[in-house]
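S.K.: No letters, just coordinates:
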């Protein structure tokens, strides 16, 4: 309508023309009609285009509305949930847990109390009420700092949340809190050598804290270890008692799963307080279980005998003349428990004869010993998950003398975890797995010994505890098999006769081993009860027995009937076992 | 006609804007609520972490051992105290207080049984030592009489 008017108006201009109205009337009318029709058509088409454009625009808006509200509904849910889950993390560093989920290390928010000395109205009253909430507040120190004009003075560090609440409730003006994260070790020194510690900025400096620093700090993934805190405590308890009883300078206790080589307990004494770790020279910071390399003594005869059996060098019926000491170069190899006669292979093992072992090693040869020791992980640094780990001390020349001494555990120094992992391989059917703190082990495995070799070795280890040097380790009902080890510590170029490393390594239940237990005492001294002896069989074996007796119920192991015919059969040195001889196919 | 249309459209606009305002205020209050809940979740999480740490500290093995030594007569479990299966439990004495005719028969018939705890070492309460099995609830019939349970009779 308004468009028509507009058109009319433009036409009105024509009426003003005064010239020859009449003659031009019809012509004008026709012209006007044509113009009108033309304008109308233009107007209509413009209208249509505009309407179409607007219509399309509205359609687009409508389509988008439908899209947003009906079709694309998931976006909002996603946005909303993204907002909801975007909660700030609780506090910095993630937890370290043991295999049962018990906290070994956690981070707690902690507040420290400071004051603006100029704003505290009545210092004495403030200190009085504060000391009611914080009983161990250093009152003199607080009085001194509040008497100054300083704007920032510390009053108390690391308040618990409830203490912070109480201080807040006092409503003293001029006080404030500085929020910090504090690393907290609920078990204290119990697992300190494993877990390690952090510096004040929460950066891992030792142990698991250092190895998994990035994971604990940035990715906030908690770390679960294979350690069982109950077993850790038990081993520490027994080991401390033994160290005290025999006035040793230190000791190591290990419990390892024989079939995965994961460590359930690893104690090195003395240990330290993770809140106040000592300097690098501090004796308590030294982790004997991984960082100490020791000549292990007779426990190496387990490997020596296993290698000799596996290579087919000897069968259990063979034996060696152990009546005379061996003199080679400036060394004399002698027996501690001298039998001075021909000894069979089981007797050499049972009585721990150095002479017999040395002769056995010479029969198998240096190359074979070296190859097997390498495959048992004795010549390389074990891939354990903490940084405090030593490389073994391998002799630079490995000739006949070294072959003989290594057969009974001198001349090659390894860490306790290496020994335990090697013994696990001997007893578990012959498969070596590197020691690990990962639940389930680190996954690598290598077959070292034949099943039959492992079976024979289990019978020999049982023999040592039943009738040999390890009788003190016999835990009733749990069928312990094991081997003593006593080594003189090197003092300069000689061996010291009264500084010993006395150890016992056991596997139980020996017919089908599940756990390897190792106890080592550093420089123990004999007592009246041990008739002055400080050897592994006297000082370490009883501790192993107590550890096994206490741990078996915890790990859910039922006592085994030692008179069960199947058990007797599995551990007897029957003719069939004695006649076994591995095919010498293993040799190169 | 026009007036009717206008009224309808105006009222629609009014209703729509009322709804929009309502929704936007609702969203705002929900957002406040969400922020409040997030804050309290954070607070609870922190409390849980503190309580977990406290629990770990209070149940550390050496403390428990010291408390057990100080307050109870419990001693470490010996191998002779562990019974692996119900079959290892000896047959009851003929005149014990709770006597099941034949525990092995109960077991054989798949009846639920609860072993009676044995006398514990260091138990100074002087409780009588009972031997045997108590039939569990499922083997007691509607009248409340335990099936197969006889009063111990010394014949």
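M.R.: Alright, I've got the coordinates. Just so it is clear, the model here is predicted, and its values are computed rather than measured. Residues are numbered from 1 along each chain as shown, chains lettered A, B, ... in the order given.
S.K.: In chain B, where is pLDDT below threshold?
M.R.: Residues of chain B meeting the criterion pLDDT under 70: B:1, B:88, B:90-155.
S.K.: Of all the helix elements in it, which one is longest?
M.R.: With secondary structure taken from DSSP state H, chain B has its longest helix at helix B:2-58.
S.K.: For that one, enumerate the helices and strands it packs against.
M.R.: Judged by 3 or more C-beta pairs under 8 Å, 6 or more residues apart in numbering or on different chains; DSSP states H and E, the packing partners of helix B:2-58 are helix A:73-85, strand A:103-115, helix A:161-170. The C-beta positions use only the backbone N, C-alpha and C, and glycine is treated the same way.
S.K.: Name the nearest residue to residue A:339, ignoring sequence neighbours.
M.R.: Sequence neighbours aside, residue A:351 is the residue nearest to residue A:339 in space, at 5.6 Å (criterion: C-beta to C-beta, 6 or more residues apart in numbering or on different chains).
S.K.: before we move on, back to that, among the helices and strands packed on helix B:2-58, which one carries the weakest average confidence?
M.R.: Between the helices and strands packed on helix B:2-58, the lowest average pLDDT goes to helix A:73-85, which shows a mean of 62.
S.K.: in a strand, that's where residue A:423 is, yeah?
M.R.: No: the assignment for residue A:423, made by DSSP: H, G, I helix; E, B strand; the rest coil, is helix rather than a strand.
S.K.: what about residue B:67, how many neighbours?
M.R.: By other C-beta atoms under 10 Å in any protein chain shown, 11 other residues sit near residue B:67.
S.K.: What's the separation between it and residue B:76?
M.R.: Remark: distance between residue B:67 and residue B:76 (C-beta to C-beta, to the nearest Å) = 15 Å.
S.K.: ditto for residue A:328
M.R.: According to C-beta to C-beta, residue A:328 and residue B:76 sit 49 Å apart.
S.K.: Same check on residue A:372?
M.R.: Distance, residue A:372 to residue B:76, by C-beta to C-beta: 40 Å.
S.K.: same check, this time on residue B:82
M.R.: Computed as C-beta to C-beta, the residue B:82 to residue B:76 distance reads 12 Å.
S.K.: what angle sits between the longest helix of chain B and strand A:103-115?
M.R.: 110 degrees (axes from the mean of the first three to the mean of the last three C-alpha atoms, to 10 degrees).
S.K.: and helix B:2-58 with helix A:161-170, angle?
M.R.: Going by the same axes, to 10 degrees, helix B:2-58 makes 120 degrees with helix A:161-170.
S.K.: Got phi/psi on the residue of the stretch 201-350 of chain A found nearest chain B?
M.R.: Of all residues in the stretch 201-350 of chain A, residue A:233 sits closest to chain B, at 3.5 Å by C-beta to the nearest C-beta. When quoted as degrees, to the nearest 10, the phi and psi of residue A:233 stand at phi -70, psi -40.
S.K.: show me the contacts for the closest residue to it other than its chain neighbours.
M.R.: Distance criterion C-beta to C-beta, 6+ apart; nearest residue to residue A:233, sequence neighbours excluded, is residue B:61 at 3.5 Å. Counting by C-beta atoms under 8 Å, 6 or more residues apart in numbering or on different chains, residue B:61 makes contact with A:187, A:190, A:229, A:230, A:232, A:233, A:234.
S.K.: same thing but 10 Å
M.R.: Each residue near residue B:61 by C-beta atoms under 10 Å, 6 or more residues apart in numbering or on different chains is listed here: A:102, A:187, A:190, A:229, A:230, A:231, A:232, A:233, A:234, A:236, A:237.
S.K.: rewinding a little: pLDDT score for the residue nearest to residue A:339?
M.R.: Looking at residue A:351, its pLDDT stands at 86.
S.K.: Next one: it relative to residue A:204, how far apart?
M.R.: Residue A:351 is 48 Å from residue A:204, by C-beta to C-beta.
S.K.: again with residue B:4
M.R.: From residue B:4 across to residue A:204, the span is 79 Å (C-beta to C-beta).
S.K.: hmm, back to that, so for residue B:82 and residue B:76, which sits in the more crowded spot?
M.R.: residue B:82 (15 against 12).
S.K.: Skipping adjacent residues, who's closest to residue A:378 in space?
M.R.: With sequence-adjacent residues excluded and distances taken as C-beta to C-beta, 6+ apart, residue A:378 is closest to residue A:414, at 5.4 Å.
S.K.: cool, and residue A:202?
M.R.: For residue A:202, ignoring the flanking residues on the chain, the nearest one in space by C-beta to C-beta, 6+ apart is residue A:93 at 5.3 Å.
S.K.: Quick check, the one you found in contact with residue A:197.
M.R.: No: assessed by C-beta atoms under 10 Å, residue A:93 is found out of contact with residue A:197, at 11.9 Å.
S.K.: Residue A:548 belongs to a helix, doesn't it?
M.R.: Yes: assessed with three-state DSSP, residue A:548 lies in a helix.
S.K.: Look up how far residue A:508 lies from the closest residue in space to it that isn't next to it in sequence.
M.R.: Once flanking residues are discounted, residue A:548 sits nearest to residue A:475: 4.2 Å by C-beta to C-beta, 6+ apart. Look at residue A:475 and residue A:508: by C-beta to C-beta, they are 7 Å apart.
S.K.: Those two: who's more crowded?
M.R.: Set residue A:475 next to residue A:508 and count neighbours by other C-beta under 10 Å: residue A:508 wins out with 30 against 23.
S.K.: who's in contact with that one?
M.R.: Contacts of residue A:508 by C-beta under 10 Å, 6+ apart are A:258, A:427, A:461-462, A:465, A:473, A:475, A:477-482, A:514-517, A:544, A:548, A:551-552, A:557, A:560.
S.K.: rerun at 6 Å
M.R.: Applying C-beta atoms under 6 Å, 6 or more residues apart in numbering or on different chains, we find residue A:508 in contact with A:478, A:479, A:480, A:548.
S.K.: just residue A:273 next, same as before
M.R.: Taking C-beta under 6 Å, 6+ apart, one finds residue A:189 in contact with residue A:273.
S.K.: Using the three-state scheme, assign it.
M.R.: Using three-state DSSP, the structure places residue A:273 in coil.
S.K.: go on, residue A:251?
M.R.: Under three-state DSSP, residue A:251 falls in the strand class.
S.K.: that older thread, could you report the neighbour count for the residue nearest to residue A:339?
M.R.: When counting by other C-beta under 10 Å, one arrives at 19 neighbours for residue A:351.
S.K.: what about it, distance to residue A:343?
M.R.: Using C-beta to C-beta, residue A:351 is found at 7 Å from residue A:343.
S.K.: before we move on, what about residue A:358?
M.R.: From residue A:358 across to residue A:343, the span is 12 Å (C-beta to C-beta).
S.K.: higher neighbour count, these two?
M.R.: Between residue A:358 and residue A:343, residue A:358 has the larger neighbour count (other C-beta under 10 Å), namely 27 against 23.
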